[in-house]
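>>> take a look and give me a structure for this.
(chains A and B)
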Protein chains: 2
Amino acid sequence: MASTQADRVTAAVMIIGDEILSGRTQDVNLNAIARYLGTYGVDVAEVRVVGDEEGEIIAALDALRTRYDYVVTTGGIGPTHDDITADCVAKAFGVELEEDAEIIAAMTARFNEPPNAARRRMARIPVGGSKVVNPVQGPPGFQIGNVFVLAGVPSIMRGMLQDVGHRLKGGKVVIARTVRVEGSGEGVIAAPLEAVAKNHPALSLDSYPYFSPDGYGANLVIRGRDSDEVNATVEELIAALTGVGIATIKRIED
Amino acid sequence: MASTQADRVTAAVMIIGDEILSGRTQDVNLNAIARYLGTYGVDVAEVRVVGDEEGEIIAALDALRTRYDYVVTTGGIGPTHDDITADCVAKAFGVELEEDAEIIAAMTARFNEPPNAARRRMARIPVGGSKVVNPVQGPPGFQIGNVFVLAGVPSIMRGMLQDVGHRLKGGKVVIARTVRVEGSGEGVIAAPLEAVAKNHPALSLDSYPYFSPDGYGANLVIRGRDSDEVNATVEELIAALTGVGIATIKRIED
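Residues are numbered from 1 along each chain as shown, chains lettered A, B, ... in the order given. This next block holds a predicted model:
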């Protein structure tokens, strides 16, 4: 499995918000973060979604930040009373929150008056932290230690991500190739797939079945950091699948 | 906060699969499960996404099943070598997996021959567990103790869910009402919202800002188990927002 490689750089994603847990909102941030970090060779290894509760947020953050190279959080950094992420992150790191003069100045310019108490909450950065640029709208996120604290609104979160990548110690990027089998179920794919997987312990070979009105089959995904091995394994897998009588096999660009 | 109520019935969702962590696949199962459980008065209180690794799956499952009333897992119950959920759940409960004669019979009928070794893996149920009907296609999921093990393919997962609800000890269903403020930012909403929230510790009042080409504003969601209190709080909140000069306020059916 790729995940046991010593050179793996890992991240966890922590999604904060009752609206995700209740099903009111469909999370799309995890997917965007995973793809973005992947381009820097950083693997998302675990995700937690927690509600807007201090104890839960701090406990999850401490579990994740001590275990993975990076943590990216989304949500809970607005001006309302349920936005407690900054407070929780500061507590987890044992530091105070400090008003940032630049953020206050930007708010004052935007509203033509000094920000009210609610907006001032968004100008607070933990001592020792640094701002993460918000190119979309409103105040910035921040980084403290190995934790990046980003907005929950997807468009703003994606904007903030652009100021994250250059701060990462990147890993070797994972290459993924897909072999699609059409008209055969996983039941006949399993044996050749497993045989090939056993030959390549440094790669991960996974099967994702699909069912649609047009037919069924499975996408077999070969992932690893050595592109030569990944590409050779694509051919080896196709040969193995052909060997058990599977006829319709396609190489898919990923 | 609703979450501190003693009569709350809680669940955790555990999503198993490297394809979600890598960003290859957008998870939609969490949202479907949260909404479904909500109709039974069961709150999703935490979610974890873990990769296809035995140690990770067992550790997360043990953390969740001892803490919440129920756990629903998705993914990893197919026939291929990376489908290890059943094995992990059985290990977590300290029991063996046993081939289920009914499942084998159904497979034999479907394929007109006894299932091969890969498919037989899907006929295994932990000792002491019970099947969860799969009305869509393929073998069933299962329940053992407070853990429901469902498929990862969304259409199949949603089918299996229909055999979960009647097994739950339901809680009092949470009522949600939404007040939408148009053309005002959270910065001006925060103070009246917090004041109303403080009057109703048994409810949760949360603010979800939106930004679109047509304008911006926030959806203020009032959630709780006492519908009279929720409805009265809608009116109290509208009065408080009006009191600070906010003009465009709408009641939204949720």
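>>> any residues of the stretch 151-254 of chain A in contact with chain B? List them.
Proximity of the stretch 151-254 of chain A to chain B, by CB under 8 Å from any CB of the partner chain, involves residues A:153, A:155-156, A:174, A:176, A:186-191, A:193-194, A:197, A:204-211, A:221, A:223, A:254. All C-beta spots, glycine's among them, are computed from the backbone N, C-alpha and C.
>>> so is the nearest residue to A:N199 once chain neighbours are set aside in a helix, a strand, or just coil?
Nearest-residue entry for A:N199: A:E236, 7.2 Å, with adjacent residues in sequence omitted and distances by CB to CB, 6 or more residues apart in numbering or on different chains. Following DSSP: H, G, I helix; E, B strand; the rest coil, the label given to A:E236 is helix.
>>> pLDDT value on A:E236, please?
A:E236 carries a pLDDT score of 97 in this model.
>>> can you verify my assumption that it contacts A:A195?
No: taking contacts as CB atoms under 8 Å, A:E236 lies outside contact range of A:A195: 9.5 Å.
>>> okay, now the residue nearest to A:N199: neighbour count?
If you count neighbours by other CB atoms under 10 Å in any protein chain shown, A:E236 ends up with 17.
>>> and what of A:G55?
Neighbours of A:G55 (other CB under 10 Å): 9.
>>> am I right that it is in a strand?
No: A:G55 is assigned helix when assessed by three-state DSSP, not a strand.
>>> what is the neighbour count of the residue of the stretch 151-254 of chain A found nearest chain B?
For the stretch 151-254 of chain A, the residue closest to chain B is A:A190, as judged by CB to the nearest CB, at 3.2 Å. Residues lying near A:A190 (other CB under 10 Å) number 24.
>>> A:D226 now?
For A:D226, the count of nearby residues is 15 (other CB under 10 Å).
>>> pretty sure it contacts A:V173?
No: between A:D226 and A:V173 there is no contact, the gap being 11.1 Å when judged by CB under 8 Å.
>>> ok, the residue nearest to A:N219 when sequence neighbours are not counted - contacts?
What sits nearest to A:N219 in space, not counting adjacent residues and going by CB to CB, 6+ apart, is A:Y208, at 4.8 Å. Contacts for A:Y208 (CB atoms under 8 Å, 6 or more residues apart in numbering or on different chains) come out as A:218-221, B:19, B:25.
>>> for chain A, which segments count as strands?
Ranges of strands in chain A, per DSSP state E, are A:9-16, A:42-50, A:70-74, A:97-99, A:124-126, A:130-132, A:141-144, A:147-150, A:175-182, A:204-212, A:215-224, A:249-252.
>>> how far does stretch A:192-203 sit from its chain's centre?
26 Å (CA atoms, centre = their mean, to the nearest Å).
>>> of all the residues in that stretch, which ones are buried?
Of all the residues in stretch A:192-203, those buried under the rule 16 or more other CB atoms under 10 Å in any protein chain shown are A:192-194, A:196-197, A:200, A:203.
>>> also stretch A:111-126?
A:115, A:118-126.
>>> and those residues, which is closest to chain B?
In terms of CB to the nearest CB, no member of those lies closer to chain B than A:A118, at 3.2 Å.
>>> please name the nearest non-neighbouring residue to the closest one.
When the adjacent residues along the chain are set aside, A:A118 lies closest to B:A190, with 3.2 Å between them (CB to CB, 6+ apart).
>>> wait, the one you found sits on A:T80?
Yes: B:A190 is within contact range of A:T80, at 4.5 Å (criterion: CB under 8 Å).
>>> which among the residues of the stretch 151-254 of chain A next to chain B count as buried?
Buried among these (16+ other CB under 10 Å): A:153, A:156, A:174, A:176, A:186-191, A:193-194, A:197, A:204-209, A:211, A:221, A:223.
>>> now do the contacts for A:K169.
For A:K169, the contact set (CB under 8 Å, 6+ apart) comprises A:9, A:69.
>>> and A:R67, how far is that from chain B?
11 Å (CB to the nearest CB, to the nearest Å).
>>> run through chain A and note the low-pLDDT ranges.
A:1-6, A:253-254 (pLDDT under 70).
>>> quick one, domains of it?
A:2-167, A:175-252 (automatic domain parsing).
>>> deepest-packed of those domains, please.
Sort the domains of chain A by mean neighbour count, taking mean count of other CB atoms under 10 Å in any protein chain shown, and domain A:2-167 sits at the top with a mean of 20.
>>> thinking again about what came up before, mutual contacts of B:A190 and A:T80, please.
Residues touching both B:A190 and A:T80 by CB under 8 Å, 6+ apart: A:118, B:207.
>>> which residues touch the nearest residue to A:E56 once chain neighbours are set aside?
In this structure, A:E56 finds its nearest non-sequential neighbour in A:V50, 4.5 Å apart by CB to CB, 6+ apart. Going by CB under 8 Å, 6+ apart, A:V50 touches A:14-16, A:21, A:56-57, A:60, B:46.
>>> tell me how far the residue nearest to A:A118 lies from A:K131.
21 Å (CB to CB, to the nearest Å).
>>> try A:G183
A:G183 sits 53 Å away from A:K131, taking CB to CB as the criterion.
>>> swap in A:S212?
Noted for A:S212: a distance of 46 Å to A:K131, by CB to CB.
>>> and what of A:A176?
In terms of CB to CB, A:A176 sits 33 Å off from A:K131.
>>> repeat that for A:T85.
Where A:K131 is concerned, A:T85 sits at a distance of 15 Å (CB to CB).
>>> repeat that for A:M160.
Using CB to CB, we find A:M160 at a distance of 10 Å from A:K131.
>>> who touches both of the two?
Taking CB under 8 Å, 6+ apart as the criterion, A:M160 and A:K131 both touch A:140-141.
>>> how about the helices in the stretch 51-200 of chain A?
Using DSSP state H, counting those that start in this stretch, the helices found in the stretch 51-200 of chain A span residues A:54-65, A:85-93, A:101-111, A:117-121, A:154-161, A:186-199.
>>> give the contact list for A:I222.
Residues near A:I222 by CB under 8 Å, 6+ apart: A:176-179, A:203-205, A:230, A:233-234, A:237.
>>> please name the nearest non-neighbouring residue to the residue nearest the centre of chain A.
Most central in chain A under CA atoms, centre = their mean is A:A34, positioned 3.1 Å from the mean C-alpha point. Residue nearest to A:A34 in three dimensions, not counting chain neighbours: B:G23, with 3.1 Å by CB to CB, 6+ apart.
>>> A:M122 too?
Nearest to A:M122 is A:P139, by CB to CB, 6+ apart, at 4.3 Å.
>>> now that neighbour: phi and psi?
phi -70, psi 160 (degrees, to the nearest 10).
>>> surely it meets A:A123?
Yes: assessed by CB under 8 Å, A:P139 is found in contact with A:A123 at 6.3 Å.
>>> joint contacts of these two?
In contact with both A:P139 and A:A123: A:103, A:107, using CB under 8 Å, 6+ apart.
>>> which one of the contacts of A:Y208 is nearest B:V244?
Closest approach to B:V244 among the contacts of A:Y208 (CB to CB): B:T25, at 44.2 Å.
>>> now the phi/psi pair for that closest one, please.
Taking degrees, to the nearest 10 as the convention, B:T25 sits at phi -120, psi 140.
>>> that one and B:D18 touch, don't they?
No: contact criterion CB under 8 Å: B:T25 and B:D18 do not qualify, at 9.4 Å.
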